[in-house]
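Asks: Quick one, structure for this:
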Amino acid sequence: MPTTWILSANAGRARFFEESDPAEPLQEIEDMVNSAVQLRTSESETDRLGPTSAAGSSHNIGHAGGAGPGMAHNAKAGAPNKQYEPNQTPAERATEMFAKDVSQYLLKAQQEGRYQQLVISASPEFLGTLRQELNQQVKQLIKAEFNKDYTHSNAQQLREQLHAQQAKAE
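Replies: Numbering: from 1, shown residues only. Okay, here's the model as predicted:
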């Protein structure tokens, strides 16, 4: 019987379960935590938006009119100044990096032959990010996918919730 892995994840946590026999309880094999999303916002972000923020400011660093108001001396070269704000927040970046870690773990385990089928249950936001990071070899093994966050459920509850979701989908 093929071994199925069940991934239950969100931006802060990814739990991996193994199911070799549907009659046996799920076995949790890994619990990854994204410590970056647990930082307080004040530790990772500033609430100050500068004139070159990514929020659609007209004072873009590539301004063709020379060194006008709000332009730094390095703006002509297209280099960000100290008030530059990237188009990706620190939380989004942390989520993307965590999705890459989860994806790499799944790929390595797949290459080692540790599972033959994969079921993914993840929060909608994280699921979208994870899909972009998954290797094609891993994507081919996905048996079912649910946009639900069950990371706080124990193994038995997770199995019951996934069976209920599968029944709704059919």
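
Asks: What is the neighbour count of the nearest residue in space to residue 142 that is not next to it in sequence?
Replies: If the residues on either side of it in the chain are set aside, residue 142 comes closest to residue 118, at 5.0 Å by Cβ to Cβ, 6 or more residues apart in numbering. In short, each C-beta sits where N, CA and C put it, glycine included. By other Cβ atoms under 10 Å, the residues close to residue 118 number 22.

Asks: you'd agree residue 118 is in a strand?
Replies: Yes. Applying DSSP: H, G, I helix; E, B strand; the rest coil, one finds residue 118 inside a strand.

Asks: if I pick it, what's in contact with it?
Replies: 4-7, 106, 138, 141-143 (Cβ atoms under 8 Å, 6 or more residues apart in numbering).

Asks: try residue 109
Replies: Contacts of residue 109 (Cβ under 8 Å, 6+ apart): 5, 115.

Asks: just use 19 as the starting number from now, easier for me
Replies: Sure thing, new numbering starts at 19, so read that last one as residue 127.

Asks: hmm, back to that, got a pLDDT number for the residue nearest to residue 160?
Replies: Note on residue 136: pLDDT of 97.

Asks: ok, now the one 4 residues further on?
Replies: In the prediction, the pLDDT value recorded for residue 140 is 97.

Asks: right, and it touches residue 148 too?
Replies: Yes. Counting by Cβ atoms under 8 Å, residue 140 does reach residue 148; the two are 6.0 Å apart.

Asks: which residues are common contacts for the two?
Replies: Counting by Cβ under 8 Å, 6+ apart, the residues touching both residue 140 and residue 148 are residue 27.

Asks: Looking at the contacts of residue 136, spot the one nearest residue 50.
Replies: Nearest to residue 50 out of the contacts of residue 136 is residue 25 (Cβ to Cβ; 9.9 Å).

Asks: Any idea how many residues pack against the closest one?
Replies: Look at residue 25: counted by other Cβ under 10 Å, it has 22 neighbours.

Asks: State the helix or strand in which residue 50 lies.
Replies: Secondary structure assignment for residue 50, by DSSP states H and E: strand 45-51.

Asks: Report the mean confidence score over that strand.
Replies: Predicted confidence along strand 45-51 averages 96 (mean pLDDT).

Asks: what lines up beside that strand in the sheet?
Replies: If you go by DSSP bridges, strand 45-51 pairs up with strand 31-37 (antiparallel).
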